[in-house]
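Participant: Next input, structure requested:
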Amino acid sequence: MRRRVVVTGLGCITPVGNTIDRMWDSLMEGRSGIDYITHFDASSFPTRFAAEVKDFNLGEYIDHPERFDVAGRHIRFAIGAAVQAVRDAGMDDGKIDPARFGVYLGAGEGQQDFFLFMSMIAQAQKDGEFDMEVFTRCGLERLNPLEELEQEPNMPAGHLAALFNAQGPNLNCLTACAASSQAIGEATEIIRQGEADVMLSGGAHSMIHPFGVTGFNLLTALSTRNDHPQQASRPFDKERDGFVLGEGAGMLILEELDHAKARGAQIYGEIVGYGSTADAYRITDIHPEGRGATACINMAVKDARLNAEDVDYVNAHGTSTAVNDRVETMAVRQALGDHAPETPVSSTKSMMGHLIAAAGSAEAIICLLSINRGVVPPTINYETPDPDCNLDYVPNAAREHQVRNALSNSFGFGGQNVSLVFSGFKG
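Facilitator: Prediction:
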């Protein structure tokens with residue numbers, strides 16, 4: 001028999017709340033965390049809004065937060081969410097065997113200092129030509145080596161290992177929007193295989209900076225509904241015109257069942273299914289027939305040893321882009337068959353935006369809360385049905401619903417697909 005993996009701690013920093021209860025209350029009330037960008041002057045951008053984390057203070061979570069003054073926002077978010085999860089799991093007493101405690105994140109890169117970088121480029125212009133020697137000299141003189149180091153995607157996992165003395169496996173994956181879901185799935189496999197007893201897993205990311213917004217605008221992936229930002233993220237609605245960039249972190253404590261029982265830990269639920277596939281199609285577009293997404297859902301449900309009719313709720317990837325929502329709907333219908341139309345499907349990105357690498361971890365937490373609290377969150381801004389999106393999207397209001405097993409989908413640029421299945425703990 002394979003080792004069973006349960007979730008014993010949760011933590012989050014999100015645009016709709018910086019604690020589990022605040023996030024949940026916002027989702028239940030259908031409150032949007034989307035507004036005009038304040039991180040930089042976005043007045044000249046095609047998209048001028050995003051879902052920013054608000055009222056975050058690292059000093060509420062750790063002593064001497066100045067240690068992380070040069071760290072990116074995503075690292076500080078990761079620390080805040082991880083401290084919550086470790087405390088929630090009752091692991092802040094230092095009694096966990098450090099050699100059996102690991103970290104696996106799906107964390108993104110840090111933020112380049114856009115204005116410093118642009119000034120270096122400007123300084124290196126000479127008679128209409130770019131002077132690499134001048135640019136290099138400017139970099140050596142003006143760049144902070146610690147800030148440059150903190151941009152590496154492996155840094156959040158390294159910081160968390162040091163903070164919690166987690167000396168076991170330490171990894172990070174960056175498979176675009178599927179990253180933190182993949183991290184949770186791979187961390188589950190590490191525990192199943194006996195390589196660790198406890199894993200801190202999740203993700204953290206912030207791309208709300210000039211490079212990030214410019215890049216997604218160039219891909220025409222972002223909504224440009226600048227007059228009504230709170231209504232811009234509208235997954236599965238016929239009038240959707242792109243996703244809304246978000247930021248934040250979600251962290252979970254994954255634990256081998258007997259280990260959790262032995263220390264009397266609370267158990268939110270069990271990770272029973274993990275599926276991972278690639279579309280092998282295009283860099284940004286998912287396969288038009290949902291090939292990879294369908295296979296991924298099927299793989300996760302099979303790994304969970306469930307049938308399609310056992311899935312009670314789907315937290316959709318649901319980005320609010322024309323292609324993703326249509327193809328994900330197709331994939332859910334193909335994977336769940338006749339059961340699909342009666343299964344509630346919602347996209348919490350309608351409220352918190354798209355946290356990119358961190359999206360899957362926040363949505364995994366939401367699935368576990370739905371199981372425990374018997375309510376599924378809504379898809380807000382759903383006004384005009386799309387004939388190509390013909391499932392039950394829990395429009396505009398949360399719904400009481402018994403959830404025994406929840407499916408969470410994360411489909412990333414490049415065709416990475418991850419599905420996770422969570423179940424209520426059965427003893």
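
Participant: all helices of this protein, in order?
Facilitator: Residue ranges of the helices in the chain, as given by DSSP state H, are 20-28, 73-88, 114-123, 132-142, 145-149, 155-164, 179-192, 210-218, 257-262, 291-303, 322-336, 349-352, 359-373.

Participant: Can you spell out the domain ranges of the protein, please?
Facilitator: By the assignment in automatic domain parsing, the chain contains the domains 5-111+151-423, 114-149.

Participant: tell me the average confidence for the longest one?
Facilitator: Averaged across domain 5-111+151-423, pLDDT comes to 97.

Participant: circling back: closest one to Gly59 among the helices of the chain?
Facilitator: Closest approach to Gly59 among the helices of the chain is made by helix 73-88 (10.1 Å; CB to CB). The way it works is simple: take the backbone N, C-alpha and C, and place the C-beta from them, glycine included.

Participant: Pull out the buried residues from that closest one.
Facilitator: 73-86, 88 (16 or more other CB atoms under 10 Å).

Participant: Around the residue lying closest to Thr47 once chain neighbours are set aside, how many other residues sit close by?
Facilitator: Nearest residue to Thr47 in three dimensions, chain neighbours excluded: Leu222, at 4.4 Å (CB to CB, 6 or more residues apart in numbering). Using other CB atoms under 10 Å, Leu222 has 26 other residues around it.

Participant: Next: Glu129.
Facilitator: The tally of other residues near Glu129 (other CB under 10 Å) stands at 8.

Participant: Tell me what it is bridged to.
Facilitator: Per DSSP bridges, the residues bridged to Glu129 are Lys126.

Participant: From Phe135, how far out is it?
Facilitator: Relative to Phe135, Glu129 is positioned 11 Å away (CB to CB, to the nearest Å).

Participant: Spatially central residue for this structure, please.
Facilitator: In the chain, the residue lying closest to the centroid (CA atoms, centre = their mean) is Ala359, at 1.7 Å.

Participant: Isn't it up against Cys177?
Facilitator: Yes. Between Ala359 and Cys177 there is a contact at 5.8 Å, judged by CB atoms under 8 Å.

Participant: Give me the common contacts of these two.
Facilitator: When CB atoms under 8 Å, 6 or more residues apart in numbering defines a contact, the residues bordering Ala359 and Cys177 alike are 317, 410.

Participant: that older thread, would you tell me which one of the helices of the chain is buried the most?
Facilitator: Burial of the helices of the chain is given as mean neighbour count (mean count of other CB atoms under 10 Å); helix 349-352 ranks first at a mean of 30.

Participant: For stretch 78-91, give me every contacting residue.
Facilitator: Here stretch 78-91 makes contact (CB under 8 Å, 6+ apart) with 8-13, 18-20, 56, 58, 60-62, 68, 92, 105, 107, 156, 159-160, 163-164, 198, 200, 202, 204, 248-253, 255, 263-266.

Participant: Sort out which of those are buried, if you could.
Facilitator: Buried among the contacts of stretch 78-91 (16+ other CB under 10 Å): 8-13, 18-20, 56, 58, 61, 105, 107, 156, 159-160, 163-164, 198, 200, 202, 204, 248-253, 255, 265.

Participant: before we move on, the earlier item: among the contacts of stretch 78-91, which lie within strands?
Facilitator: Counting by DSSP state E, the contacts of stretch 78-91 place 8-13, 105, 198, 200, 202, 204, 248-253, 255 in strands.

Participant: From Cys296, how far out is His259?
Facilitator: Using CB to CB, His259 is found at 29 Å from Cys296.

Participant: related to what we said a few turns ago, contacting residues around the residue nearest to Thr47?
Facilitator: If you count contacts by CB under 8 Å, 6+ apart, Leu222 has them with 46-47, 213, 216, 242-245.

Participant: Thr8 is in contact with Ala260, correct?
Facilitator: Yes. Using CB under 8 Å, Ala260 makes contact with Thr8 at a distance of 5.2 Å.

Participant: nearest to Leu407, of the helices of the chain?
Facilitator: Checked against CB to CB, the stretch from these lying closest is helix 291-303, at 6.8 Å.

Participant: Tell me what angle that closest one forms with helix 322-336.
Facilitator: Counting by axes from the mean of the first three to the mean of the last three CA atoms, to 10 degrees, helix 291-303 lies at 40 degrees to helix 322-336.

Participant: same for helix 291-303, what does it pack against?
Facilitator: Taking 3 or more CB pairs under 8 Å, 6 or more residues apart in numbering; DSSP states H and E as contact, the helices and strands that helix 291-303 lies on are strand 269-278, helix 322-336, strand 405-412, strand 416-423.
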